[in-house]
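In: pasting the sequence and the predicted model now:
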Amino acid sequence: MQGLDGLLSDKDVLGVVIAGQGADFSIGLPISDAASQGAAPTLAEIAAKIEAAQVPVVAALKGRVLGAGLELALAAHRRVATPTARLGMSQAKLGLVPGAGGTQRLPRLVGAETSLSLLLDWRTMPAFTARQSGLIDELANQSPDSAAEELILQLQSLGSPLVATGQRRDGFADGRAYFEAIKARRAALATSPLNAPKRIVDCVEAAITMPFEIGLAFEAVALADCAAHPQSGALCHIAEAEAESSERLFAVGKDGRRAIDPKSTARPALRLGRALEEVAKHLLTLGVTEERIDVALVDLGFSKGLFGADAAGPVGRDTVAIQRRIVAALMGEGARLVASGAVNNSGDIDVIAVHALGFPRWRGGPMLAARQMGLLQMRKDMERWARESPIWAPPPLLTQAIRYADGFAALDKLKA
């Protein structure tokens, strides 16, 4: 903001180039700042400053242009990119909505279908495709900074009036296709337990139905709602745990993709799997049917049950009780694995449970899910259930975690 203020107040400045140092333009905000949009001035305020500029502002894109970084670029009057640049929006993966106008500016350039694909599918778009869609204006065969400077000189020589992205309507040209794309995404998400994708669809719809400033306010409310939702806390938690455990738990396969490393995770994954099986077996002895167990697992967020029963049955009053027993057993086994040194911390347990056991990502893993269910009450429940089976014996680490608002995550930080 200081840089913009200085340049835009200088009458000799013909235009401004926004560029990134290093290999990338920007990979976005840190996970911890994604919900709050960082310290003041916020990215939304910086974007507004760019759009209000009386001289051309051009974003020179290279490498990765992700999340809030792409939102920054969208606020510029034009965008140039190297052929190897890749653009993407990953906020939905954190249970969040873009907070700097991403859901309002992007549809104005490329329409609803391309916007929703970029916002919801978690895949990056190559520069060539972005050029075809209208997301970027030029491919730079030279330095993107130099190409941006040349574009500014061209714009100045033409003398054409500047049009802010927020005032563009290119993506609204085919209104029927726009609303059909909204309808299709809404139908596809109808049964999804995820909160943020549905709010993003609402925001993209608001882009065409509301004035720009109202649409920005609509997006801001959606972001605040999503940030306060437990899903966002869980998804941000698991993303941070994955980043912290990257070298310990992940490996790059022959296809070049990063995946959970079976060599370092086989033993804890096996023990977590056995704990889940033990819970199911004990529930059967209590008279709980295979169908009810599978219904509880699928409702919890697992892709399938253990017994292959009809997991599409109705959710009943017993479902939450079954789920609490499942989470408690997995948490207990996870705490014992941490205490024994088999894994580094509770975050590792959550990562392994998500990747190797199929625990729902949007629940954040069993250690976080237990905290969200209430650790103190869970210990009381486990003390009672332990009379039935040692699988629910409260681990000492649970007593330590109860002392902190952040539960096991606080112990992880103390250990680090």
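Out: Received it, and whenever you're ready, just let me know what you need.

In: in the stretch 251-400 of the chain, which spans are strands?
Out: Using DSSP state E, counting those that start in this stretch, the strands of the stretch 251-400 of the chain run over 258-260.

In: that one: helices as residue ranges?
Out: Taking DSSP state H, counting those that start in this stretch as the test, the helices found in the stretch 251-400 of the chain are 262-285, 290-300, 317-340, 346-352, 366-373, 375-385, 396-401.

In: could you say which of the ones you listed is packed most deeply?
Out: Of the helices of the stretch 251-400 of the chain, the one with the most neighbours on average (mean count of other CB atoms under 10 Å) is helix 346-352, at a mean of 28. No exception for glycine: its C-beta is placed from N, CA and C like everyone else's.

In: L14 contacts S157, doesn't it?
Out: No - judged on CB atoms under 8 Å, L14 makes no contact with S157 at a distance of 10.1 Å.

In: what about the two, which has more around it?
Out: Counted by other CB atoms under 10 Å, L14 and S157 do not tie: L14 has more neighbours, with 12 against 8.

In: what residues are up against K415?
Out: 344-345 (CB atoms under 8 Å, 6 or more residues apart in numbering).

In: could you rerun that using 10 Å?
Out: Shown in contact with K415 (CB atoms under 10 Å, 6 or more residues apart in numbering): 338, 344-346.

In: what do you get for T129?
Out: Counted by CB under 10 Å, 6+ apart, T129 has contacts 86-87, 114, 135-136.

In: go through these and name the one nearest L272.
Out: R86 (34.9 Å; CB to CB).

In: can you list phi and psi of the closest one for me?
Out: Per-residue torsions, R86: phi -130, psi 130 (degrees, to the nearest 10).

In: which residue, other than its chain neighbours, is closest to it?
Out: T124 (4.0 Å; CB to CB, 6 or more residues apart in numbering).

In: state the number of residues packed around that neighbour.
Out: When neighbours are counted by other CB under 10 Å, T124 comes out with 18.

In: looking at the contacts of K415, spot the one nearest G175.
Out: Of all the contacts of K415, G175 sits closest to S346, with 49.9 Å by CB to CB.

In: now do the closest one against A251, distance only.
Out: 22 Å (CB to CB, to the nearest Å).

In: hang on, the earlier thing: surely the residue nearest to R86 meets A85?
Out: Yes - assessed by CB atoms under 10 Å, T124 is found in contact with A85 at 9.3 Å.

In: what do the two both touch?
Out: 64-65, 130.

In: as JSON lines, those with secondary structure, pLDDT and neighbour count would be great.
Out: As requested, these are arranged in JSON lines below (DSSP: H, G, I helix; E, B strand; the rest coil; pLDDT from 0 to 100; neighbours: other CB atoms under 10 Å):
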{"residue": "R64", "secondary structure": "strand", "pLDDT": "97", "neighbour count": "20"}
{"residue": "V65", "secondary structure": "strand", "pLDDT": "97", "neighbour count": "32"}
{"residue": "A130", "secondary structure": "helix", "pLDDT": "96", "neighbour count": "26"}
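
In: for the residue of the chain most remote from its centre, pull up the helix or strand it's in.
Out: Within the chain, S157 marks the point farthest from the mean C-alpha position, 42.3 Å out by CA atoms, centre = their mean. For S157, the host element (DSSP states H and E) is helix 144-158.

In: next, count neighbours for the nearest residue to A239 once chain neighbours are set aside.
Out: Nearest residue to A239 in three dimensions, chain neighbours excluded: I31, at 5.4 Å (CB to CB, 6+ apart). When neighbours are counted by other CB under 10 Å, I31 registers 16.

In: returning to what we had before: output the helices of the stretch 251-400 of the chain as TSV; include the columns distance to C236 and mean pLDDT.
Out: Conversion of the helices of the stretch 251-400 of the chain to TSV gives the following (distance: least, CB to CB, whole Å; pLDDT from 0 to 100):
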stretch	distance to C236	mean pLDDT
helix 262-285	22	95
helix 290-300	20	93
helix 317-340	19	96
helix 346-352	12	97
helix 366-373	10	96
helix 375-385	19	97
helix 396-401	19	95
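
In: that older thread, how about the residue nearest to R86, phi and psi?
Out: phi -90, psi 150.

In: which two of the contacts of K415 have the greatest separation?
Out: Among these, N344 and S346 lie farthest apart (CB to CB), at 9.1 Å.
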